[in-house]
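>>> Everything below, folded, please.
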Amino acid sequence: MAKKESYEEMLNKLQDILNNLEEENMSLEDGMKAYEDGVKLVNKLYKTLNSYEGKISVIKEQKEVEFDSRNDDK
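This next block holds a predicted model:
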């Protein structure tokens, strides 16, 4: 099974794609392929951020419930 890329690795790849698109004279086909790869990475990054946001919300809610229940004991 392939190793899942970290958020930072995907972000670095996206930066490399952007740098190549800005600095290199590439063919239209190569430019379109790089652009397509960049869009795919942006979508993966967006999904990853949404996943992290959901996890943070769950953790935050759990901690708030734990905090509230400790305050009820007093």
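
>>> Check what pLDDT the residue nearest in space to the middle of the chain gets.
Nearest residue to the geometric centre of the chain (CA atoms, centre = their mean): residue 45, 2.6 Å. The per-residue pLDDT reported for residue 45 equals 96.

>>> Please apply the same query to the one 5 residues further on.
In the prediction, the pLDDT value recorded for residue 50 is 92.

>>> Would you confirm that the residue nearest to the centre of the chain contacts residue 12?
No. With contact defined as CB atoms under 8 Å, residue 45 and residue 12 do not form a contacting pair (11.1 Å). All C-beta spots, glycine's among them, are computed from the backbone N, C-alpha and C.

>>> Would you check how far apart residue 50 and residue 57 are?
Counting by CB to CB, to the nearest Å, the separation of residue 50 from residue 57 is 11 Å.

>>> Ok, residue 41 next?
Separation of residue 41 from residue 57 (CB to CB) stands at 25 Å.
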